[in-house]
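Trainee: what follows is a predicted protein model with its sequence.
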Number of protein chains: 2
Amino acid sequence: MKPHITLISLGVADLDASIRFYRDGLGLPLNDGPDGIAFFATGSTMLALYPRDKLAEDITLTNAEGSGFAGFALAHNVDSPDAVDATLAEAVAAGATLVKPGQKAFWGGYSGYFADPDGFYWEVAHNPFM
Amino acid sequence: MKPHITLISLGVADLDASIRFYRDGLGLPLNDGPDGIAFFATGSTMLALYPRDKLAEDITLTNAEGSGFAGFALAHNVDSPDAVDATLAEAVAAGATLVKPGQKAFWGGYSGYFADPDGFYWEVAHNPFM
């Protein structure tokens, strides 16, 4: 397997609301594409939004239910601690929930987390070593 | 927010077992890094493995429990339908569960799914239009 992830697909409850959050709120570029799936041009690893039941159906799961911690997080790096705080504020203004305010991290950087409208976690981080 | 995802972090039950699966089974390149977290050099969007409870702790969740469909999938694209089947077989040989055998997809390509040792879903796909 080549070391490359083509796509991260998130299963969402309300596709239109999630498109508004990611496109209008966070400013991610929405690609043209088929109805019912939203692809964002986030570099060589793209972000896709599907209705949660459609994603489960594509995987061939018979049940799209799930509860509790989904067990994963996405991360977005920025250039400074101030940019971490600004990005967290931008996400909250767009409808995200602030989960962990920006703070010094044990690994020497500065980071915080927000949750998107479906509760998917995004870390916003500044890593001075990168 | 710039259109870029730095990192996808998966919370895993058994870090050593998951490292064996991704490094030895799938051949992903493991980077040097701190103890207790595994970073794989998967291009500009990296894959990280954390113990699930440590990832929850970093997010500041008090409970790492979760059940049912986690609501997301990763995708890996390959060059042909045969390569889809070969990659699914490689994953199964490494300890994955075959979830959806390779088959023609409604969008004109060919794809299947496996589940990693923690039940995270990977689509393996050939898209003739890419």
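Mentor: Sure, I can see it.

Trainee: which stretches of chain A have low pLDDT?
Mentor: Chain A contains no residues with pLDDT under 70.

Trainee: can you tell me how far residue A:36 is from chain B?
Mentor: Separation of residue A:36 from chain B (Cβ to the nearest Cβ, to the nearest Å): 11 Å. Quick note: C-beta positions are derived from backbone N, CA and C, even for glycine.

Trainee: equivalent analysis for residue A:130, please.
Mentor: 9 Å.

Trainee: so who does that residue touch?
Mentor: Applying Cβ atoms under 8 Å, 6 or more residues apart in numbering or on different chains to residue A:130 gives the contacts residue A:77.

Trainee: could you list the domains of chain A?
Mentor: Using automatic domain parsing, the domain parsing of chain A gives A:7-59, A:73-126.

Trainee: how about these in JSON lines, adding mean neighbour count and distance to residue B:80?
Mentor: Converted to JSON lines, those look like this (neighbours: other Cβ atoms under 10 Å in any protein chain shown; distance: least, Cβ to Cβ, whole Å):
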{"stretch": "domain A:7-59", "mean neighbour count": "18", "distance to residue B:80": "18"}
{"stretch": "domain A:73-126", "mean neighbour count": "18", "distance to residue B:80": "30"}
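
Trainee: to residue B:54, which of these lies closest?
Mentor: Distance to residue B:54, taken as Cβ to Cβ, is lowest for domain A:73-126 among the domains of chain A, at 10.9 Å.

Trainee: could you see whether chain B lies near the lengthiest strand in chain A?
Mentor: Counting residues, the longest strand in chain A under DSSP state E turns out to be strand A:97-104. Yes: remark: strand A:97-104 sits within contact range of chain B at A:99-100, by Cβ under 8 Å from any Cβ of the partner chain.

Trainee: strand partners (parallel or antiparallel) of that strand?
Mentor: Strand A:97-104 pairs in its sheet with strand A:110-115 (antiparallel), by DSSP bridges.

Trainee: which residue ranges of chain A form strands?
Mentor: Listed in chain order, the strands of chain A (DSSP E) span A:7-12, A:38-40, A:46-51, A:66-68, A:72-77, A:97-104, A:110-115, A:121-126.

Trainee: who does the third one touch, helix- and strand-wise?
Mentor: It stands for strand A:46-51. Using 3 or more Cβ pairs under 8 Å, 6 or more residues apart in numbering or on different chains; DSSP states H and E, the elements in contact with strand A:46-51 are strand A:7-12, helix A:15-19, strand A:38-40.

Trainee: same thing with the first one?
Mentor: In terms of contacts (3+ Cβ pairs under 8 Å, 6+ apart), strand A:7-12 is packed against strand A:46-51, helix A:52-59, strand B:72-77.
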